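Colleague: My questions concern the predicted model and sequence given below.
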Amino acid sequence: MNLETITFKNNTLSIIDQQKLPEHFTYWALSDIDDVEKSIKNLHVRGAPAIGIVAAYGLYIHAAQLHQQKQLTDEAFMRGADRLKNVRPTAINLQWAVKQMVNVYQSLRRSGDEKLLSALKKQASSIHKDDKQRCNSIGDYGKNLIHDGFSILTHCNAGILATGGMGTALAPVYKAAEENKSIHVYVDETRPVGQGARLTYWELAQNGVDATLITDNMAASLMQQKKIDLVLVGADRVVKNGDVANKIGTYALAVLAHYHQIPFYVCAPLSTFDNATEKGDEIIIEMRDGREILNHWNINSKLQYKTYNPAFDITPNNLISGIVTEEGIKFNHSNHLNI
Ligand code: MRU
């Protein structure tokens, strides 16, 4: 488990370029706020906790560069913060991390640039380190849901590549594997951009976890054949009543799991919880370019295709068995299923 999705060494912020996986494993050193914004927008780095961490380091880099140019003003810093916070609207970790950085900025902006820059750097690094620990604890709580011989279904990528640590939904899998439980993971391809096929399958293979790739429409049939014991997914936002926004297709899996009486757990750090929003239908869903759907098929026809491409959907709390956090399992409905 020595993959590091985000590194910050010698004042250089680098990310594994997830658009190049699985064919090429390369790091991209992000040189300024334009690179940071582009890397998040175009999914070179993705996953709610990971984009929060990158935005936090990105704001430090932005402030340091403004300082070098003798242009570190409140207005310039806040313009950067606003830009990054709005790149992807659904994942709350992005807004959460930017807010941490803005708080540090506001409390130290009159203490001199040197002190301010050092505090911003420290804050970004602590968001990063903190996430590693959160993932670890999610793994410790979640591994108890996994019994020897289990087949687990996961969607999208909520692993090392999506966080600063061992992942959220994949952390229990890695912990169970460390305990030598015999486990198998079915990986949903995750259309339209294939985070499951390109990233999760690759990541599990790197870590020696036995996995099988399926297309998204195969999950129902596997459940009907009693080949799935547990569904584990991540989250981009958990609101006050326990509704969850996660990668498009998560809701369908939750409905299927409910019908087949299969436990369905969301794994998410508390940095993904949004207590200012009451219910799932208030969450802004990021709409993405329809070319993400067409590109897969190399469709370049004269026909003007109409597309519909929401990046996320909402799973209502009553379909969720529980939410595994670093503080234990919240919204525990597992007794509905007698599990
Ligand atoms: O569009 P993405 O790839 O950023 O979507 C990611 C997800 O939906 C993940 O499940 C979620 O961010 C949790 S990652 C620990």
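Modeller: Good, I have the coordinates.

Colleague: quick one: contacts for the residue nearest to Gly196 when sequence neighbours are not counted?
Modeller: Nearest residue to Gly196, sequence neighbours excluded (C-beta to C-beta, 6 or more residues apart in numbering): Thr190, at 3.8 Å. Backbone N, C-alpha and C define where each C-beta goes, glycine included. The contact partners of Thr190, by C-beta atoms under 8 Å, 6 or more residues apart in numbering, come to 155-157, 196-197, 200, 216, 247, 249.

Colleague: among these, which are in helices?
Modeller: Among the contacts of Thr190, no member falls in helices (criterion: DSSP state H).

Colleague: near the ligand too, which of those residues?
Modeller: For the ligand, the contacts drawn from the contacts of Thr190 by C-beta under 6 Å from any ligand atom are 156, 247.

Colleague: Of the contacts of Thr190, just say which sits nearest to Lys122.
Modeller: Comparing the contacts of Thr190 against Lys122 with C-beta to C-beta places Asn157 closest, at 29.0 Å.

Colleague: Surely the closest one is in contact with Glu203?
Modeller: Yes: between Asn157 and Glu203 there is a contact under C-beta atoms under 8 Å: 6.9 Å.

Colleague: quick one: pLDDT of the residue nearest to the spatial centre of the chain?
Modeller: Nearest to the mean C-alpha position of the chain, by C-alpha atoms, centre = their mean, lies Gly47 at 2.4 Å. Note on Gly47: pLDDT of 98.

Colleague: The closest residue to it other than its chain neighbours - how many residues pack around it?
Modeller: In this structure, Gly47 finds its nearest non-sequential neighbour in Ala162, 2.3 Å apart by C-beta to C-beta, 6+ apart. Other residues near Ala162 number 30, with proximity taken as other C-beta atoms under 10 Å.

Colleague: Now for Ala162: which residues touch it?
Modeller: The neighbours of Ala162, taking C-beta under 8 Å, 6+ apart as the test, are 5, 46-50, 168, 234.

Colleague: With Ala48 instead?
Modeller: Ala48 neighbours (C-beta under 8 Å, 6+ apart): 91-94, 162, 234-237, 268, 272.

Colleague: how about the residues of the chain near the ligand?
Modeller: Residues of the chain lying near the ligand (C-beta under 6 Å from any ligand atom): 46-49, 91, 156, 158, 162-163, 168, 195, 234-236, 246-247, 311.
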